[in-house]
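**Student:** have a look; sequence and predicted model below, questions after that.
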Amino acid sequence: MDVSKIFDKSGTNQGTFIKTGEKIALNSTQKVALNRKGNILYNSGDIEGAKRIFLTTGYSDGLVRIGDYYKTKGKLLDALRMYWIAPDHNRADSIVVQLSELIKELIYEGDGK
């Protein structure tokens with residue numbers, strides 16, 4: 001079965017992304033080139049484009065920068081995901097603490113205390 005046709009109702013490929021779970025094999029030269037492209041995208045404001053590249057290459061510094069960006073925008077779960085994948089567990093742990101405090105407040109608020 002051609003999996004791409006499942007999502008292609010019009011008969012033309014419209015760039016549908018299908019997650020396969022397969023790891024892309026990149027040599028060091030390819031990773032360096034992609035990471036440079038990701039840095040250019042990040043610096044020009046294309047955060048999502050940079051994120052896709054950094055996730056593909058596993059570039060931890062880039063993933064941390066994406067996490068920092070999300071954190072400044074108040075997207076704590078997105079930031080946590082980037083930190084966890086990076087892995088930068090110190091930054092991830094600080095967000096876990098923030099979120100757990102928020103959950104505690106919501107629970108106590110619901111109890112009327």
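**Tutor:** Perfect, I can see it now. Quantities reported herein were computed from a predicted structural model and do not represent experimental measurements.
**Student:** show me where this protein has helices.
**Tutor:** Using DSSP state H, the helices of the chain run over 3-6, 28-43, 47-57, 60-72, 76-85, 89-111.
**Student:** mind putting those into CSV with mean pLDDT?
**Tutor:** Below are the helices of the chain laid out as CSV (pLDDT from 0 to 100):
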stretch, mean pLDDT
helix 3-6, 50
helix 28-43, 96
helix 47-57, 96
helix 60-72, 97
helix 76-85, 95
helix 89-111, 90
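**Student:** skip the chain neighbours and tell me the closest residue to the residue nearest the centre of the chain.
**Tutor:** The chain has Met82 as the residue nearest its centroid, 4.9 Å off, counting by C-alpha atoms, centre = their mean. Distances taken as C-beta to C-beta, 6 or more residues apart in numbering put Gly67 closest to Met82, at 3.4 Å, once the chain neighbours are dropped. Quick note: C-beta positions are derived from backbone N, CA and C, even for glycine.
**Student:** got it, and Leu63?
**Tutor:** Ala86 is the one closest to Leu63 (C-beta to C-beta, 6+ apart), at 4.2 Å.
**Student:** quick check: that neighbour touching Ser60?
**Tutor:** Yes. Counting by C-beta atoms under 8 Å, Ala86 sits close enough to Ser60 to count as a contact (4.3 Å).
**Student:** those two: who's more crowded?
**Tutor:** More crowded of Ala86 and Ser60, by other C-beta atoms under 10 Å: Ala86, with 21 against 15.
**Student:** phi first, then psi, for that one.
**Tutor:** Per-residue torsions, Ala86: phi -50, psi -40 (degrees, to the nearest 10).
**Student:** contacts only, for it.
**Tutor:** Residues near Ala86 by C-beta atoms under 8 Å, 6 or more residues apart in numbering: 60, 63-64, 67.
**Student:** repeat that for Tyr42.
**Tutor:** Contacts of Tyr42 by C-beta under 8 Å, 6+ apart are 50, 62, 65-66.
**Student:** for Lys71, grab the count of nearby residues.
**Tutor:** 19.
**Student:** swap that for Glu101, please
**Tutor:** Count around Glu101 with other C-beta under 10 Å applied: 10.
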